[in-house]
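# What shape does this take:
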Amino acid sequence: MALTMYQLSIPALVRGLGVLTKLLDKAEAFAEEKGIPTDDLVHARLAPDMLTLAGQVQRVSDTSKGLVGRLTSIEVPRFPDEEKTFDELRQRIAKSVAFLETVRPVDLEDSDSREVVLNFPNLKVTLTGEEYLLKFVLPNFYFHLTTAYDILRHKGVPLGKADFLSLTA
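Here you go, the predicted structure:
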C-alpha cells in the first residue's frame, strides 16, 4: 500500500512541532539555570542576515499551516509574527498543532496532483501537490527546525541529536 499525502505530512509536522516545543523547554530551563536573559535566546540568530530563533519558530509554524492551505479547502488560521517570549512561542506551536490535528486523511485525498504556485521575489514556481510536499514543505520545515536547534546549540543549550530526533524522555 502506498503512503498517502496525509501520512507523509501531518504526522511528521505534528511530531516536528512537538520536538520544537521540547527544544524551547530545554532552552528556557538552561537560561534560568545559567542566569541568561531568555530574550538573549529568543532573539538569537546564527548570522546577521538570518532569522532569530523566534523567526525560525514562526516559519516552522507557517510552513506546516501553509501545506494545509495550499492542498485543501480548509481555511488556515493566521498568526501575526509577534512572539517575544518562550511562552508565546510555545503557544504558537500549540495552536499550530491544534490546527493540524483537525486535518483528516480525506482532506488531503487527491492533493498530490493539485497545482501549487509559489511566488518568491524574482521567482515563480509551479509544482504538483506531491512536489510541493516533498521539494518545499518538508525541506523548508526541517531547515527552520534544524536552524532553531542550531541557534540554541550555538548559545550553549545542552542539546544533542537525540533531542532533535525526540528519542529522549
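
# Report the residue spans of the chain with pLDDT below the cut-off.
Applying pLDDT under 70 to the chain flags the ranges 168-169.

# which residues of this protein fall in helices?
Assigned by DSSP state H, the chain shows helices spanning 5-34, 38-42, 53-71, 86-100, 129-131, 138-154, 161-164.

# most packed of those?
With neighbours defined as mean count of other Cβ atoms under 10 Å, these peak in mean count at helix 53-71, which reaches a mean of 23. To be clear about C-beta, it is placed using only N, CA and C from the backbone, and glycine gets the same treatment.

# Of all the helices of the chain, which one is nearest residue 118?
Among those, helix 53-71 comes nearest to residue 118, with 8.5 Å by Cβ to Cβ.

# And the closest one, how far out from the chain middle?
Centroid displacement of helix 53-71 relative to its chain, using Cα atoms, centre = their mean, to the nearest Å, is 5 Å.

# same for that helix, what does it pack against?
For helix 53-71, the packing partners by 3 or more Cβ pairs under 8 Å, 6 or more residues apart in numbering; DSSP states H and E come out as helix 5-34, helix 38-42, helix 86-100, helix 138-154.

# ok, residues contacting the last one?
I take that to be helix 138-154. Helix 138-154 is touched from outside by 8-9, 12-13, 16, 19-20, 23, 26-27, 41, 44-46, 50-53, 56-57, 59-60, 63-64, 159, 163-164, with contacts defined as Cβ atoms under 8 Å, 6 or more residues apart in numbering.

# Ok, the second one next?
Outside of helix 38-42, the residues within contact range by Cβ under 8 Å, 6+ apart are 27-28, 30-32, 52-54, 83-86, 89, 151-152, 155, 157.

# swap in the third one?
By Cβ under 8 Å, 6+ apart, the residues outside helix 86-100 that reach it are 10, 13-14, 17-18, 20-21, 24-25, 27-28, 38, 41-42, 53-54, 57-58, 60-61, 64-65, 68, 76-77, 79, 82-83.

# What of stretch 158-169?
15, 18, 19, 22, 23, 26, 30, 145, 146, 149, 152, 153.

# For residue 2, see how far away the fifth one is.
Yep, that's residue 23 we're talking about. The spacing between residue 23 and residue 2, counted by Cβ to Cβ, to the nearest Å, is 32 Å.

# same thing with the last one?
As defined by Cβ to Cβ, residue 153 lies at a distance of 37 Å from residue 2.

# Repeat that for the first one.
Taking Cβ to Cβ as the measure, residue 15 falls 21 Å from residue 2.
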